[in-house]
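Colleague: Output the structure for:
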Amino acid sequence: MPIRVPKELPAIKVLEKEKIFVMDEDRAMRQDIRPLEILILNLMPKKDETEVQLLRLLSNTPLQINVELLHMSSHEAKNTSSDHLKRFYNQFEKVKNKFYDGMIITGAPIEQLPFEEVDYWHELQEIFLWSKTHVFSTFHICWGAQAGLYYHHNIPKYKLDKKLTGIYSHTVLSPTWSILKGFDDIFSAPHSRYTEVKRTDIQKINELEILVESEQAGIFLVGNKNNRAFYAMGHLEYDRKTLQQEFERDQKKGIQPDLPEDYFPNNNPAEFPQLRWHMAASLLFTNWLNYAVYQNTPYHLHDLLNL
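Modeller: The predicted model follows:
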């Protein structure tokens, strides 16, 4: 939350130079407060696990948040019960006339397919188009980020020689962006994917900026300069054992996967993985909620139609 101080306090100028958010008394008196409306489009197979991961991060803020869950009606979920979906999830037809402060679009383990061959691609395109007028800020994750960049900016994805999996070091390139306030210059984050987007393609789009990058893992975070969209190629929301579970799953499939990079102590799958990215995860999602969403979204959400 911002700190509220007298309008003429000299310390304000110092704090603003340090990129600490300060709200003067005049602005505070004019500010109306209501719960944030957040929609999660969950494309992951084990939806209950992803729910826990994301809700954990969204709850790490004093803001009151109303969360709704959305799944694709054009896709039959095989790893989540139909009862769970009926009880806790909406379909797009039920929400398309509503407005949201923010939306999260998750990844999906389908990045080796061309976008047009994904069975719910047509429906997802409808949601992308709808989000321009009905969502103030959208946070895309991994395949969801690649799909968003492809739909909104015609940025392609490229197949890697092998799966990129593990914990990688990342460098903050644009520390003045509000979504990166409080970040160290370098932090760790998980990746788990077979495809990538390229720096040269993103640099052609004037409204986009590369915010975080890894020497080994490539682009990590891209932001739209109006704060209305962010694209994260990694999985800061992952739990301690998520990469381990994916590694064991691939082993059972006979894929013979490589060990996740810098994940198991001593590169020994029998040892307990260290958790080294949740501080960054918490900060990223808290910053997104506070600065990109809460501080900018209109009080009356139907005003999004006029933005």
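Colleague: can you tell me the helix or strand for Leu283?
Modeller: If you go by DSSP states H and E, Leu283 is part of helix 278-287.
Colleague: Could you list every helix and strand in contact with that helix?
Modeller: With contacts taken as 3 or more Cβ pairs under 8 Å, 6 or more residues apart in numbering; DSSP states H and E, helix 278-287 sits against helix 47-58, strand 186-196. The way it works is simple: take the backbone N, C-alpha and C, and place the C-beta from them, glycine included.
Colleague: so where do the strands sit in the stretch 51-200 of the chain?
Modeller: Listed in chain order, the strands of the stretch 51-200 of the chain (DSSP state E, counting those that start in this stretch) span 65-70, 89-90, 100-105, 135-141, 158-172, 186-196.
Colleague: Now render those as a markdown table, adding mean pLDDT, mean neighbour count and distance to Leu43.
Modeller: Output for those, formatted as a markdown table (pLDDT from 0 to 100; neighbours: other Cβ atoms under 10 Å; distance: least, Cβ to Cβ, whole Å):
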| stretch | mean pLDDT | mean neighbour count | distance to Leu43 |
| --- | --- | --- | --- |
| strand 65-70 | 91 | 17 | 10 |
| strand 89-90 | 91 | 18 | 12 |
| strand 100-105 | 97 | 25 | 7 |
| strand 135-141 | 98 | 25 | 9 |
| strand 158-172 | 97 | 17 | 19 |
| strand 186-196 | 97 | 20 | 14 |
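Colleague: Identify whichever of those strands lies nearest to Ser178.
Modeller: Ser178 lies closest, by Cβ to Cβ, to one member of the strands of the stretch 51-200 of the chain: strand 135-141, at 11.3 Å.
Colleague: With distance to Gln64 as new columns, can the helices and strands packed on helix 278-287 be given to me in TSV?
Modeller: Formatted as TSV, the helices and strands packed on helix 278-287 follow (distance: least, Cβ to Cβ, whole Å):
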stretch	distance to Gln64
helix 47-58	11
strand 186-196	28
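Colleague: Looking at the ones you listed, which is nearest to Ala292?
Modeller: It is, among the helices and strands packed on helix 278-287 and with distance given as Cβ to Cβ, helix 47-58, at 13.3 Å.
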